[in-house]
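[1] What follows is a predicted structure for the sequence shown.
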Amino acid sequence: MTIVVTGAGGFIGSVLVRELLARGRSVRAVVRSNKKALEELDIEIVTADIRNPSSLNKALKGAESVFHLASVISLSGDRSGSVRETNVDGAKNVAEAALENGVKRFIHCSSIHVFDLKEHGDTINENTSRVTTHSPVYDRTKYAGETAIRDLIKLGLPAVVIHPTGVIGPGDHRPSRMGQVLLDLSSKKLPALISGGFDWVDVRDVCAGALAAEEFGRIGESYILSGQWHSTRQLATFGEEMTGTPPPKLDLPIWLARGIAPFGSLLGKITDNEYRLNADTVSALRAAQNISSAKAETELGYQSRPIRDSVHDAYKWFEKFGLLKNPLLRKNGFSP
């Protein structure tokens, strides 16, 4: 039977497609335009725009399971409306098509950002309160998209929801925002680090968790797929172990970053470009440090690897695919 993956050309999607193939499963990759990460794979590729319901019938016909990963991440608002159209309307369209086609399991990739991560005193789990109307647009649209999925679960959609934290690791073709940060650290393009940190998780562990959710997840349930909290400086230090490039000496205090961030957000809205130092970025780096994946560990057998390994493997992958300007250090028995 065919397994459908939306957003298959993205970071998580392209890694998941490869893991599905490794497990001997037949894959239909749904992409809007980006196919680079899927070149030379023995899969069926269907071009579709999830914002257009009529384009989804062919994409989902005969599917046994659907992994819905397609979304738009924005740190600069939603001037064009594409964030909401994709994360809310698109999610609903894919889920409705899945319901109409009688899929046996629908795995919806939500985000840790649908939870109120400002609850610093408590451990974040699946029972934590959700985002508010004052939360960043990405957080709000991911929550609204998940709400649309839950409405369809009441109508019979056999859906399970997963919530990855900050995804990092090998296979980052585009690269992602965090992947680009790693590359910029290796080439000394960052003048400073912002104090703070986040819970990071390896992309391979997210994919393993998604597959476990397909097999063992309870319909209608949510599962947080977290890793470990590390400061931005710790991540940079892990990178230095591979590249030999020391991280920036300057740490921008979070209070100062908060004062500067609104200007980055304003520039982003005016120019429709993203500036790394903006209100959404600073908010994320101030998020709660204790995020629990205990439910996924108990019910799905979920496990996460050390993020130090994830950073190292990301750099090895970047070098292999020619994205690094300088060669990695050859030590501790490492060879590409």
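    Ah, there it is. Bear in mind the structure is a predicted one, so any value in this text is a computation, not a measurement.

[2] quick one: least confident helix or strand in this protein?
    Using mean pLDDT, DSSP states H and E, helix 254-271 stands out as the lowest-scoring helix or strand of the chain, at a mean of 48.

[3] Poorly predicted segments of the stretch 151-300 of the chain, please.
    Within the stretch 151-300 of the chain, the ranges that satisfy pLDDT under 70 run 253-286.

[4] could you pull out the strands for it?
    Ranges of strands within the stretch 151-300 of the chain are 159-164, 166-168, 193-194, 197-202, 222-225, 228-231, 251-252, based on DSSP state E, counting those that start in this stretch.

[5] Among those strands, which comes closest to residue 215?
    Nearest to residue 215 among these is strand 159-164; the distance by C-beta to C-beta comes to 9.9 Å. Yep, even glycine has a C-beta here, placed from its N, CA and C like the rest.

[6] partners of that closest one in the sheet?
    strand 105-109 (parallel), strand 222-225 (parallel) (DSSP bridges).

[7] how close does the residue positioned nearest the centre of the chain get to residue 11?
    For the chain, the residue nearest the mean C-alpha position is residue 167 (5.1 Å; C-alpha atoms, centre = their mean). Going from residue 167 to residue 11 by C-beta to C-beta, to the nearest Å gives 7 Å.

[8] any residues in contact with both of the two?
    176, 203 (C-beta atoms under 8 Å, 6 or more residues apart in numbering).

[9] which other residues reach whichever strand or helix holds residue 318?
    Assigned by DSSP states H and E, residue 318 belongs to helix 307-320. Residues from elsewhere that reach helix 307-320, judged by C-beta under 8 Å, 6+ apart: 168-172, 175, 179, 182-183, 186, 200-203, 227-228, 230, 235, 238-239, 241-243, 324, 327-328, 334, 336.

[10] same thing with stretch 137-157?
    Against stretch 137-157 from outside (C-beta under 8 Å, 6+ apart): 71-75, 77-78, 83-84, 87-88, 90-92, 95-96, 98-99, 106, 108, 110-111, 113-114, 130-131, 133, 135, 159, 161, 219-220, 280.

[11] roughly how far out does it sit from the chain middle?
    17 Å (C-alpha atoms, centre = their mean, to the nearest Å).

[12] Show me what counts as buried in that stretch.
    For stretch 137-157, the neighbour count (16 or more other C-beta atoms under 10 Å) marks 137-146, 148-150, 152-153, 157 as buried.

[13] Then stretch 57-66?
    Buried, per 16+ other C-beta under 10 Å, within stretch 57-66: 59-60, 63, 65-66.

[14] And the furthest pair within those residues?
    59 and 65 (13.4 Å).

[15] got any residues that touch both of those two?
    What both residue 59 and residue 65 touch, as defined by C-beta under 8 Å, 6+ apart, is the set residue 4.

[16] Show residues contacting stretch 21-37.
    By C-beta under 8 Å, 6+ apart, stretch 21-37 touches 1-10, 13-14, 17, 20, 38, 41-50, 59, 63, 70, 171, 173-174, 211.

[17] that older thread, could you point out which of the strands of the stretch 151-300 of the chain sits nearest residue 295?
    When the strands of the stretch 151-300 of the chain are compared by C-beta to C-beta, strand 222-225 sits nearest residue 295, at 5.9 Å.

[18] can you give me the offset of the helix holding residue 318 from its chain's centre?
    Using C-alpha atoms, centre = their mean, the offset of helix 307-320 from its chain centre is 17 Å.

[19] Restrict it to CA atoms and write it as CSV.
    Extracted in CSV, the C-alpha atoms of helix 307-320 (Å, rounded to 0.1, in the frame of the first residue of the first chain):
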residue,chain,number,x,y,z
ILE,A,307,22.2,16.8,20.3
ARG,A,308,26.0,16.9,20.2
ASP,A,309,25.8,13.9,17.8
SER,A,310,23.1,15.6,15.8
VAL,A,311,25.2,18.8,15.3
HIS,A,312,28.3,16.7,14.4
ASP,A,313,26.3,14.6,11.9
ALA,A,314,24.8,17.8,10.4
TYR,A,315,28.2,19.1,9.6
LYS,A,316,29.4,15.8,8.1
TRP,A,317,26.3,15.9,5.9
PHE,A,318,26.9,19.5,4.9
GLU,A,319,30.5,18.7,3.9
LYS,A,320,29.5,15.6,1.9
